[in-house]
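Engineer: here's my sequence, what's the structure:
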Amino acid sequence: MAVTASAAALAAIGLAGGITADVNYDLTFSATTVGNDMAGWINDRKENQVDLSLVNVNAAFDVASIKIQDPIDAIADPAFVKRLEHFRGGAWNTKGVRYTPLTIVSARLLHLIAAEEMLAKGDNAGFTTHVNHVRAMDGLTPYSGQVPAADMLKHTRRVNTWLMGLRLADMYRFGIQDARWQSAGDAAKAPGTMLPITIIEIRSNCYLNGTC
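Structural biologist: Numbering: from 1, shown residues only. The predicted structure follows:
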């Protein structure tokens with residue numbers, strides 16, 4: 001018998017410690033195993049950087065403050081802050097940049113898988129329940145329709161799954177376009193195209209940085 005995505009997610013939540021568990025399954029790195037190249041590119045070399053719709057940066061392109069806010073409580077989104085600290089360290093420290101962990105799956109993601117399936121089926125109560133399980137992990141005000149459910153789903157996925165390899169696919173399937181995408185480029189014309197470009201290449205190529 002086929003198992004739905006939400007059923008599989010709920011089963012995994014049970015194995016992870018129950019409905020209120022806030023746990024990550026991480027890839028870990030160390031000096032005796034292998035370094036985390038993504039951490040090196042973002043935290044140290046800065047060839048890639050944190051999306052400027054999420055954070056403000058200083059002249060050295062280090063994170064200076066959090067830009068993205070929770071849509072209900074209007075504070076720096078604590079879910080994103082936790083993801084940032086998980087990857088960069090407390091107060092967005094860049095020390096130990098080679099060995100910070102990468103999250104593959106989390107209890108939060110599992111709740112969001114269940115929430116999305118329930119929303120697609122018209123089960124708004126089920127959607128709200130799972131979104132609020134995630135919000136409770138950060139002590140946020142429960143969701144009760146303050147913003148459209150689809151907008152809450154998009155925001156909650158974005159802040160809780162940062163650096164889990166899901167954002168670009170989410171943008172394609174939700175019909176979100178970055179302001180920096182060129183209308184004639186593959187990202188805009190051919191949703192599903194996957195080609196990361198490093199920040200140093202973007203800054204040096206006038207066709208990418210908009211100075212041509």
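Engineer: CA only for contacts and neighbour counts going forward, please
Structural biologist: OK.
Engineer: flag every buried residue along stretch 141-161.
Structural biologist: 142-143, 149, 152-161 (16 or more other C-alpha atoms under 10 Å).
Engineer: identify, from these, the entry nearest to Pro191.
Structural biologist: The shortest approach to Pro191 among these belongs to Lys154, at 17.4 Å (C-alpha to C-alpha).
Engineer: save the buried residues of stretch 141-161 as a markdown table, and put in distance to Ala184 too.
Structural biologist: Formatted as a markdown table, those follow (distance: C-alpha to C-alpha, whole Å):
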| residue | distance to Ala184 |
| --- | --- |
| Pro142 | 41 |
| Tyr143 | 38 |
| Ala149 | 32 |
| Met152 | 30 |
| Leu153 | 29 |
| Lys154 | 25 |
| His155 | 27 |
| Thr156 | 30 |
| Arg157 | 28 |
| Arg158 | 26 |
| Val159 | 29 |
| Asn160 | 31 |
| Thr161 | 29 |
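Engineer: list the ones among those residues that fall in helices.
Structural biologist: Those of the buried residues of stretch 141-161 mapping onto helices are 149, 152-160, per DSSP state H.
Engineer: need those in JSON lines with pLDDT and distance to Asp138, can you?
Structural biologist: Below are these laid out as JSON lines (pLDDT from 0 to 100; distance: C-alpha to C-alpha, whole Å):
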{"residue": "Ala149", "pLDDT": "98", "distance to Asp138": "19"}
{"residue": "Met152", "pLDDT": "98", "distance to Asp138": "15"}
{"residue": "Leu153", "pLDDT": "98", "distance to Asp138": "16"}
{"residue": "Lys154", "pLDDT": "98", "distance to Asp138": "17"}
{"residue": "His155", "pLDDT": "98", "distance to Asp138": "15"}
{"residue": "Thr156", "pLDDT": "98", "distance to Asp138": "12"}
{"residue": "Arg157", "pLDDT": "98", "distance to Asp138": "14"}
{"residue": "Arg158", "pLDDT": "98", "distance to Asp138": "15"}
{"residue": "Val159", "pLDDT": "98", "distance to Asp138": "12"}
{"residue": "Asn160", "pLDDT": "98", "distance to Asp138": "11"}
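Engineer: fine by me, thanks again.
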